[in-house]
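> Here you go, sequence then predicted model.
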Amino acid sequence: MARKRLVLKNTALFSDPANLSWERYVVMQARERERYLAERATIPDDALNYKTVSPRYLHQAVDQFANNYYSELSATHYVATAAANAPFDELKKSALFQLADEQRHLEMDREVFERAGIPERDWLAAWESPGTTCRFFRHLLELEDSIEILVKGNFVAEGAAGPGTFTVLADGAEARGDVLSAVNHRARIRDETRHISYGRALVKALIEDDPANLDTIQAWQDESLRLFAEVARGGERQAWWEGFLASYYKIAVPMGLRPTVF
Ligand SMILES: [Fe+2]
Ligand SMILES: [Fe+2]
């Protein structure tokens, strides 16, 4: 069955909420980088090299490291596809800035794996094991349509994994002595918030353009959240999952979307 495609007929309905130009983007990211490096500089060497966490923590955290690293790695691919196929320039611009952000996140997460001493041959296996975000991101990587990618990736997935869950992850890591992960999660929240807001602007524009688009967006939401649901299976990540859904519904319900039935 051919995938349903949405077209924004009146492209003037979408504009980048962050109002970025190349100039502004570079200045903003230079400031972010300074802030990140200053926070990272406060981490004692022992903590930075994972000498202060328990072996048990590291063993259990590998799945989480893989969820972080591979979702960022996936983002550098699917956002590149969204930029390449963008139906109009304003959307392409937002996607291109996001692509650069995701590359920074990817490098932060690679450093976590490396400093924690997890051999690279174990990374992918951890992500492919049950209970990770792998199924959702593999689905996203198969898509070619920019609008479907950005609605699912930015509005649904990032909207859900937004401020709420990154805070849970940061606090959880910090409480167990994993300060680098905590600093990384807090640094990424600011970029992810920007990705969510343009995803949201896109969804809003699509519904304004044609209210019938809401049905397709609902179907994309249901498809996405069901692929994510396995992360919470077994109840281990219950706090994460609840924060995930709560963050997402906070932006989705006001748009007229209904909670997904699992
Ligand atoms: Fe990211
Ligand atoms: Fe992002």
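Sure, I can see it. Ligands and ions are numbered 1, 2, ... in the order given.
> Export stretch 24-42 to CSV, keeping only CA atoms.
Taking Å, rounded to 0.1, in the frame of the first residue of the first chain, the C-alpha atoms of stretch 24-42 are listed here in CSV:
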residue,chain,number,x,y,z
ARG,A,24,22.1,33.6,14.0
TYR,A,25,22.5,29.9,14.0
VAL,A,26,26.3,30.1,14.2
VAL,A,27,26.2,32.7,17.0
MET,A,28,23.6,30.7,19.0
GLN,A,29,25.6,27.5,18.7
ALA,A,30,28.8,29.2,19.6
ARG,A,31,27.1,30.3,22.8
GLU,A,32,25.7,26.9,23.4
ARG,A,33,29.1,25.3,23.0
GLU,A,34,30.6,27.6,25.5
ARG,A,35,27.9,26.9,28.0
TYR,A,36,28.3,23.1,27.4
LEU,A,37,32.1,23.2,27.8
ALA,A,38,31.8,25.2,31.0
GLU,A,39,29.4,22.7,32.5
ARG,A,40,31.5,19.8,31.3
ALA,A,41,34.6,21.4,32.8
THR,A,42,33.1,21.1,36.3
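> gap between residue 118 and residue 200?
Going from residue 118 to residue 200 by Cβ to Cβ, to the nearest Å gives 35 Å. For every residue, glycine as well, the C-beta is placed using N, CA and C.
> mind checking the backbone torsions on the most centrally placed residue in the chain?
Nearest to the geometric centre of the chain sits residue 158, at 4.2 Å (Cα atoms, centre = their mean). Phi and psi for residue 158, reported as degrees, to the nearest 10, are phi -70, psi -30.
> just the one 3 residues further on next, same as before
Here is the backbone geometry of residue 161 (degrees, to the nearest 10): phi -80, psi 20.
> For the residue nearest to the centre of the chain, give me its contacts.
192, 195, 196, 199 (Cβ atoms under 8 Å, 6 or more residues apart in numbering).
> what about the residue in the stretch 151-262 of the chain that ligand 2 sits nearest to, how many neighbours?
Scanning the stretch 151-262 of the chain for proximity to ligand 2 using Cβ to the ion identifies residue 195 as nearest, at 3.9 Å. Residue 195 has 27 neighbours, counted by other Cβ atoms under 10 Å.
> I'd like the numbering to begin with 55 instead of 1 from here.
That works, and once the first residue is 55, the last one we named lands at residue 249.
> Mind telling me what element it is part of?
helix 233-263 (DSSP states H and E).
> Flag every buried residue along that helix.
Across helix 233-263, burial judged by 16 or more other Cβ atoms under 10 Å covers 233-243, 245-246, 248-261, 263.
> pLDDT value on residue 286, please?
Residue 286 carries a pLDDT score of 78 in this model.
> Tell me who's in contact with it.
Counted by Cβ under 8 Å, 6+ apart, residue 286 has contacts 292, 294, 295, 298.
> how near is the last one to residue 149?
Pointing back at residue 298 there. Residue 298 is 23 Å from residue 149, by Cβ to Cβ.
> Thanks a lot, see you next time.
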